[in-house]
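**Student:** take a look and give me a structure for this.
(2 chains)
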There are 2 protein chains.
Amino acid sequence: MNSFFWFRLLHCRKTLIDRNVIPLARFFYSSNRYTQVKSSLNKKLDYRLKRKDHFEKKNRERISTYLYNMASPEIEKELAPLRAAVKEYGDLIRSLKENGASKTDVDRAVVELKARKKKLEERELALVPKNVSFFDRLKFEDLLKQRFFYDQSFAIYGGVTGLYDFGPMGCAMKANMINLWRNHFVLEENMLEVDCSVLTPETVLKASGHVDRFSDWMVKDLKTGECFRADHLIKNFAEKVCEDMKTPASVKEELKEVLMKLEGFSDADMHSVIMKHNIKSPITGNELSEPIAFNLMFPTVIGPTGDFKAYLRPETAQGIFVNFKRLLEFNQGKLPFAAAQIGSGFRNEISPRQGLIRLREFTMCEIEHFVDPSDKSHKRFEQVKDYNLILFSGCNQMDGAPAQKVSIGDAVTKKLVANETLGYYMVRVHKYLLRVGVDPDRLRFRQHLANEMAHYACDCWDAEILTSYGWIECVGVADRACYDLSQHSKATGEKLVAEKVLSEPKIVQVIEAVPNKAAIGKIYKTEAKQIFARLEQLSPEEVETLEKQIASAGNARLQCGDKEVKLQKNYITVKRYEKKVHTEEFYPSVIEPSFGIGRIMYSVLEHSFRQREGDEQRVYFALRPIVAPIKCSVLPISANPRFEPIMAAVRTELAKFFVSYKQDDSSGSLGRRYARTDAIGIPFGITVDFESESEPWTVTLRYSITMEQIRLKVSDVGKTIADLSSERMSWSEAQQIYPKFEQKSGA
Amino acid sequence: MNSFFWFRLLHCRKTLIDRNVIPLARFFYSSNRYTQVKSSLNKKLDYRLKRKDHFEKKNRERISTYLYNMASPEIEKELAPLRAAVKEYGDLIRSLKENGASKTDVDRAVVELKARKKKLEERELALVPKNVSFFDRLKFEDLLKQRFFYDQSFAIYGGVTGLYDFGPMGCAMKANMINLWRNHFVLEENMLEVDCSVLTPETVLKASGHVDRFSDWMVKDLKTGECFRADHLIKNFAEKVCEDMKTPASVKEELKEVLMKLEGFSDADMHSVIMKHNIKSPITGNELSEPIAFNLMFPTVIGPTGDFKAYLRPETAQGIFVNFKRLLEFNQGKLPFAAAQIGSGFRNEISPRQGLIRLREFTMCEIEHFVDPSDKSHKRFEQVKDYNLILFSGCNQMDGAPAQKVSIGDAVTKKLVANETLGYYMVRVHKYLLRVGVDPDRLRFRQHLANEMAHYACDCWDAEILTSYGWIECVGVADRACYDLSQHSKATGEKLVAEKVLSEPKIVQVIEAVPNKAAIGKIYKTEAKQIFARLEQLSPEEVETLEKQIASAGNARLQCGDKEVKLQKNYITVKRYEKKVHTEEFYPSVIEPSFGIGRIMYSVLEHSFRQREGDEQRVYFALRPIVAPIKCSVLPISANPRFEPIMAAVRTELAKFFVSYKQDDSSGSLGRRYARTDAIGIPFGITVDFESESEPWTVTLRYSITMEQIRLKVSDVGKTIADLSSERMSWSEAQQIYPKFEQKSGA
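**Tutor:** Alright, predicted model coming up:
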């Protein structure tokens, strides 16, 4: 793993991407009332570094990186020396490694690198202009709660952290986002969608590595039993102590170093910090236990005996892997193909906060694209190669350089992105996020550094979205290689492989360990099948090792799933021969885009939260019609019963095209009723007024974002709003077809 | 509960529905090749009673009731005396009860009634004609497995009973069924859809009654620990012994009585049968334990401490009830309104079998319609009152009478169905089931008998669908009264009530237990709030009881959630006064239609399974376009590359309208490729042939059920198939617009 880390570093250096990137538009907020702020912020630097702003402290670092994308020339000038200082150490580390320096030297250099990175980030944070940091989360959360987009589950029972219920608005919006996902990926890319069980036997998750590795370190209050995530506890402690004026400089230095290294700490490292600084429970002041690995999966048992252990799945991916054979067969044995799954995942977080961003139960959409590892090209890559993405590569992160706008074609050619398939999916992910309403200026792809990556992955890019919590990872796009399929193969003895025809047949030297089935079967009975399968899977080297062991010791040990079996001399015969083969079996690699729907939804809501100019109390969501929970409102200009036949005709038209609507015939003024429907993100408003009655009946149609109106026939209403809502037609196209309507009194 | 049972019986008698029911069409199987069989089956009676037919024995009784709907006059004549014999005892029991006969007499009569019912059912079973019982489940299951509609989960790990994975075909079909459900109910009825957590704290399920009552009795093998459902074990044992020629008549008699009474057995009853007949484990022959209550919920824990107990929800309904306040507020305080939820439910069945019919993890769609208990009318009932349903009422079941076709208007007027809202939903459920493709002749509503109903329900009708497993309950439509809301109110102290304005104000005598907040707060601290809420909820009678207890003993006990609190004399003051009130608070009643999507899907697949006439190997699914997993196939008549531009134009048109398609350009004959797409239920097939090339490009469009074809322009293809798939247009309408196409060679 470590060698891989260094490989990447060196590799990055050689393929450093073109610096002539297209300069980005400055802080761009279309159609909302955030004021543009001049960049004369320097004077306020010190003040802003100290003040409590809208962001939580722990997220500052992430927010600051926003500037990488957006900085103006003057800001760039100010940051340049800091960036150079970071780069100096990035370069130093590379050369140390190249010259085979000692681990101690390298580690020391890494500490300095991180310190310099931190200094850079702090300055950047200070430079973040007000229109990025301005966001009234309190008002925003109030609106979400009040209109029941979502809220904490079981609130009348005191609530449960990390669990949320979606109300009518949130539920409809989520369903729309999922439908769009299904159209955008499953339908447009011809994927095989599956729907697998949440309950997953322990053996399956043992094979996938989750039972052993899917955990966080926690410490317990030795008296009350209360639990804390060890890294969070240390972080909070260290930050607090560092802020304290009375803390000696030497302690501050030490704790700052702890903060920088914390992500890579082992349990022993954390324990020694806790002991050294005498960290206690922040609630009771009691002693704390040593760090204990806490597995994040929810345990349960299947069936009545209590001994069939299972977990709630922590991801939907495993359901696809265990069905690989059936799916390959369904696809008539051909690669590449992609399978997809939409469903719930469960993670028993130690102490979840941050609303929809860290949940114990959440909706995921995952794709597993299976591909020949020797050819990860994508047949539609050509169509997307000029598409630009903002990429924040591992190299840029190491160099203290900003993220860059790059065409995906260039990124793949320069090996910044590992292969075409990965690149193709990054583009598709980006397009999806824009379709649901993510602000493109607050969206980037960040490459995982080697120490962040799962041990089996060979490249991974997260789509990160900037919110008031900082940059949050909403979609991961990873090349998982063949890890999962080979793990499940080993555990079950099933060959989870694909086959390809060789361009020309080849002669291979075969070395086989042929089992004496009778002898093995007699001893191992039901397990024998697994042993035969294991023997079949052995590499030539493994067969030779077995042969040698038997020759010298009279028997050999073979790892077979969970167990080790002893092979006596007479159990196997080693055969050597030549064979002409026309096909080749191989474990497919898998490219995995994995979406957290709750996080994307949260980001979209934040990005579309608006206040009407001149009336800050009038808050609303400028949602894209395709994700809006309700597509239109139906409002009579007054509660007069003579409008009812027209209202009924409107409702019938809407129902014919499955358009969801909300009728509001309460007595409030039209303006007030518009405000109410705007608040829940209804994009279109139909009003029946006194003009409506002349034949043929007409109504006005209002677009909530611009508040412009047109007038159209009742018989056109269903079709038009269906087209506008599915975004087959834009508002400006509708304006070209239908006459403008000007309201007499403002609303 | 018992008194309620008798109330229903007497009540039914008075309101017995009109016998002039519309005679049903005889055994009707549209467009499939099942042969019509004459009713000269009598000779084979004895033979058929003994032979192993396609149905499992345990389902025979339920299948036989099919005849209730379908019987011809001659069959009716044969059954008449048996039915009269049943009715005689039904009447006797009523009169015994009316005259206050002893329990022993009534019980004896009930035993005889059941014996007569059984005799009737056996004769009916013998009369079931072949076209009902003919269904090749093996071929059917083969097709489902081979085309990966669904299959057992984790099969490569040996599989887990009760868990199924849906493959691409099953997953798409399920998604279509759910979308249609959302349109049919949520959209068309303006419901509030929510999406709540699966993880549910124990306290919530304690209040709902699931912790204490949601269980089955099981017995354990005392040596191996293997578990059996006690009732299933006894049933299998008794049936086997009864079939044995050597069993003495007296034992047979006894066991037959056990079989008849088994449903109502307590654990002690079952234990005594097990002891008396010395029943052992059917697998090992070992001794068995006493019956143990096994709770069917999957347990887990939330958070790291291990002491926050929770379960996976056994139904989605509770999520709606705990959100009642927010939903009522969202609806601006007005009743009636309906909330809906689509999601997973989990039940840890002791030994699930029967594929999708009994799952441990399943998709439910539930509606909770909240209504004023004093007015359960429905404003759209008038629109559906002439809609006919096949109703199998509790009375008919008691009388041995067949199910009857009745208009829902009559059924409600005659109090057969308890109220308009219940009736309205039964119609909507029926329409939905027909839209997804359930055969209307294999669909009925069966009323729960009093001893089957949940203790809180006041009327319940199951939509039952006839499959090869017998009649299976797919949708329950129950009037749950105000049970759930009042339970959660009691447990939390939150008032889960609605308010209504009285038609005129009234003077009420108020008796209140006013708490001495300071005194109670001092002692009970955080619990005080709950005590205040409880005191506010007390009925006048309860206040008076408290007052008396305090007067005599100096203090009183008050049940408050889980706990009992002691109220000292100085804690409360009882106040009496007159008050003029304009509004009234009340617990809403709830009408709950609850759908098992897997069961409905299974039934639809069974009802649409077909074999082509003259070619029994060519099996396929005649699915309705709206639920079909893939809407059309795209086939070039040959693999000639010159067709590619036309194929591309077709694909573009389909994508524009979000139409899912499957391209098959393999080298097989057109007929073979049609057969392959028919097999997975693709309703429409586009073929690009040599005529396609003349401008403007055209293609042929084939409908899989009738195999008829039309020819249309490529530019019309997307819109036409979108309309056909959403059933806005029927095939015969399309045939009127576009010219017929006759293929030269048959396919």
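**Student:** in stretch A:517-530, what's buried?
**Tutor:** Of the residues in stretch A:517-530, those scored as buried under the neighbour-count criterion (16 or more other C-beta atoms under 10 Å in any protein chain shown) are A:520-521, A:524, A:527-528, A:530. C-beta here means a position set from N, CA and C on the backbone, and glycine is covered the same way.
**Student:** so it, near chain B or not?
**Tutor:** No - interface with chain B: stretch A:517-530 contributes nothing (C-beta under 8 Å from any C-beta of the partner chain), its closest point being 10.8 Å away.
**Student:** gap between that stretch and the chain center?
**Tutor:** 46 Å (C-alpha atoms, centre = their mean, to the nearest Å).
**Student:** would you mind pulling the contact partners of that stretch?
**Tutor:** The contact list for stretch A:517-530, computed with C-beta atoms under 8 Å, 6 or more residues apart in numbering or on different chains, reads A:492-493, A:531-532, A:560-561, A:563, A:565, A:568, A:570-571.
**Student:** end to end on it, go ahead and measure it.
**Tutor:** Distances were taken as C-alpha to C-alpha, to the nearest Å; on that basis the terminal residues of stretch A:517-530 are 12 Å apart.
**Student:** just to revisit the earlier point, in a markdown table, list the contacts of stretch A:517-530 along with pLDDT and secondary structure.
**Tutor:** A markdown table is the format used below for these (pLDDT from 0 to 100; DSSP: H, G, I helix; E, B strand; the rest coil):
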| residue | pLDDT | secondary structure |
| --- | --- | --- |
| A:Thr492 | 91 | helix |
| A:Gly493 | 86 | coil |
| A:Ile531 | 86 | helix |
| A:Phe532 | 86 | helix |
| A:Cys560 | 80 | strand |
| A:Gly561 | 72 | coil |
| A:Lys563 | 80 | strand |
| A:Val565 | 85 | strand |
| A:Gln568 | 85 | strand |
| A:Asn570 | 86 | helix |
| A:Tyr571 | 88 | helix |
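**Student:** among these, which are in reach of chain B?
**Tutor:** Taking C-beta under 8 Å from any C-beta, the overlap between the contacts of stretch A:517-530 and the neighbourhood of chain B is A:Thr492.
**Student:** quick one, which of the contacts of stretch A:517-530 are buried?
**Tutor:** Among the contacts of stretch A:517-530, those classed as buried by neighbour count (16+ other C-beta under 10 Å) are A:492-493, A:531-532, A:560-561, A:565, A:571.
**Student:** out of those residues, which is nearest to B:Val581?
**Tutor:** For the buried ones among the contacts of stretch A:517-530, the minimum distance to B:Val581 (C-beta to C-beta) is 69.6 Å, reached by A:Thr492.
**Student:** now do the contacts for the closest one.
**Tutor:** Counting by C-beta under 8 Å, 6+ apart, A:Thr492 makes contact with A:207, A:530, A:561, B:156-157.
**Student:** same check, this time on A:Thr363
**Tutor:** A:174, A:178, A:342-345, A:596-598.
**Student:** what does A:Phe741 give?
**Tutor:** Counting by C-beta under 8 Å, 6+ apart, A:Phe741 makes contact with A:700, A:709-711.
**Student:** re the thing from before, which pair in the buried ones among the contacts of stretch A:517-530 spans the largest distance?
**Tutor:** Across the buried ones among the contacts of stretch A:517-530, the longest distance by C-beta to C-beta is 21.5 Å; it joins A:Thr492 and A:Tyr571.
**Student:** what about the contacts of A:Thr363, which are in strands?
**Tutor:** Among the contacts of A:Thr363, the subset assigned to strands under DSSP state E consists of A:342-345, A:596.
**Student:** list, out of these, those positioned next to chain B.
**Tutor:** Counting by C-beta under 8 Å from any C-beta, A:Ser344 from the ones in strands among the contacts of A:Thr363 sit close to chain B.
**Student:** and the ones in strands among the contacts of A:Thr363 as CSV, adding pLDDT?
**Tutor:** As requested, the ones in strands among the contacts of A:Thr363 are exported to CSV (pLDDT from 0 to 100):
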residue, pLDDT
A:Ile342, 98
A:Gly343, 97
A:Ser344, 97
A:Gly345, 97
A:Gly596, 97
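**Student:** which of the ones in strands among the contacts of A:Thr363 sits closest to chain B?
**Tutor:** Of all the ones in strands among the contacts of A:Thr363, A:Ser344 has the smallest distance to chain B: 6.5 Å, by C-beta to the nearest C-beta.
**Student:** now do the phi/psi pair for A:Gln611.
**Tutor:** phi -120, psi 140 (degrees, to the nearest 10).
**Student:** that one contacts A:Phe621, doesn't it?
**Tutor:** No - when contacts are counted by C-beta atoms under 8 Å, A:Gln611 is not listed as touching A:Phe621 (11.2 Å).
**Student:** the two: which has the busier surroundings?
**Tutor:** Neighbours were tallied for A:Gln611 and for A:Phe621 using other C-beta atoms under 10 Å in any protein chain shown; the higher tally belongs to A:Phe621 (29 against 16).
**Student:** so who does the more buried one touch?
**Tutor:** Residues counted as contacts of A:Phe621 (C-beta under 8 Å, 6+ apart) are A:143, A:605, A:608-610, A:678-681.
**Student:** noted, bye for now.
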